[in-house]
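Novice: Quick one, what's the 3D model for this:
(2 chains)
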There are 2 protein chains.
Amino acid sequence: MKAKVFITLKPGLLDAQGKTIKGALDALGFRGVRDVRIGKYIEIDLTGGRASRQAVERMCRKLLANPVIEQYRIELVRS
Amino acid sequence: MKAKVFITLKPGLLDAQGKTIKGALDALGFRGVRDVRIGKYIEIDLTGGRASRQAVERMCRKLLANPVIEQYRIELVRS
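Specialist: Predicted coordinates for the structure are as follows:
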């Protein structure tokens, strides 16, 4: 079982890294980029076949994400 | 149109950040974590309705990813 975790800044918070990348894309001549937001993508390889979304949610709250400023989304896939 | 880009280290390369997080999850008492790999998740908000996967691929090759050590996957979604 594999858990894919997507961690992004909450909407409305300034994403300085994303703004920088947007500026770089503009400077490189890419047209039509309105906004860029950067997040983390974490793949967790879990032993056992049981889907344990609760465990992965606990990992997010305790370690992987900062719940004050970040939100997360979890996808469980059979590997 | 929104492009979601997932950038991960190529398989086989040591993911030091992932190893550290795996160690921290073990230390926190989470059982059954075999491996953790960390990547980047980038959301690009594009103007215009045309799907331009080629443009996003060029962005990946020129700026967003390091093609020597990283691989990327692109998803285009209507926003």
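
Novice: Next SSE downstream of the strand ranked longest in chain A?
Specialist: Secondary structure assigned by DSSP state E gives strand A:33-46 as the longest strand of chain A. Past strand A:33-46, further along toward the C-terminus, the next helix or strand under DSSP states H and E is helix A:53-59.

Novice: hmm, who's touching the following helix or strand past that following helix?
Specialist: Downstream of helix A:53-59, the next assigned helix or strand under DSSP H and E is strand A:70-77. With Cβ atoms under 8 Å, 6 or more residues apart in numbering or on different chains as the test, strand A:70-77 has contacts from A:1-10, A:51, A:53, A:56-57, A:60, A:64-65. Heads up, the C-betas are built off the backbone N, CA and C, glycines and all.

Novice: 10 Å instead?
Specialist: For strand A:70-77, the surrounding residues in contact (Cβ atoms under 10 Å, 6 or more residues apart in numbering or on different chains) are A:1-11, A:13, A:39-40, A:42-44, A:46, A:51-53, A:56-57, A:59-61, A:64-66, B:41.

Novice: In ChimeraX, how would I select the buried members of the residues you listed?
Specialist: Only the buried entries of the contacts of strand A:70-77 go into this ChimeraX selection, using 16 or more other Cβ atoms under 10 Å in any protein chain shown:
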select /A:1,3,4,5,6,7,8,9,39,40,42,43,44,46,52,56,57,59,60,64,65 /B:41
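
Novice: Listing request: residues of chain A with sub-threshold pLDDT.
Specialist: A:49-51 (pLDDT under 70).

Novice: can you name the farthest residue from the center of it?
Specialist: For chain A, the residue at maximal distance from the C-alpha centroid (Cα atoms, centre = their mean) is A:Gly29, at 26.8 Å.

Novice: So that one: helix, strand or coil?
Specialist: Per DSSP: H, G, I helix; E, B strand; the rest coil, the secondary structure class of A:Gly29 is coil.

Novice: beta partners of A:Pro46?
Specialist: Rather than Pro, residue A:46 is Leu. B:Val33 (DSSP bridges).

Novice: Name all residues that make contact with it.
Specialist: A:1-3, A:52, A:55-56, A:76, A:79, B:30-36.

Novice: distance of it from A:Val56?
Specialist: A:Leu46 sits 8 Å away from A:Val56, going by Cβ to Cβ, to the nearest Å.

Novice: Could you do A:Lys19 as well?
Specialist: Taking Cβ to Cβ, one finds A:Lys19 at 30 Å from A:Val56.
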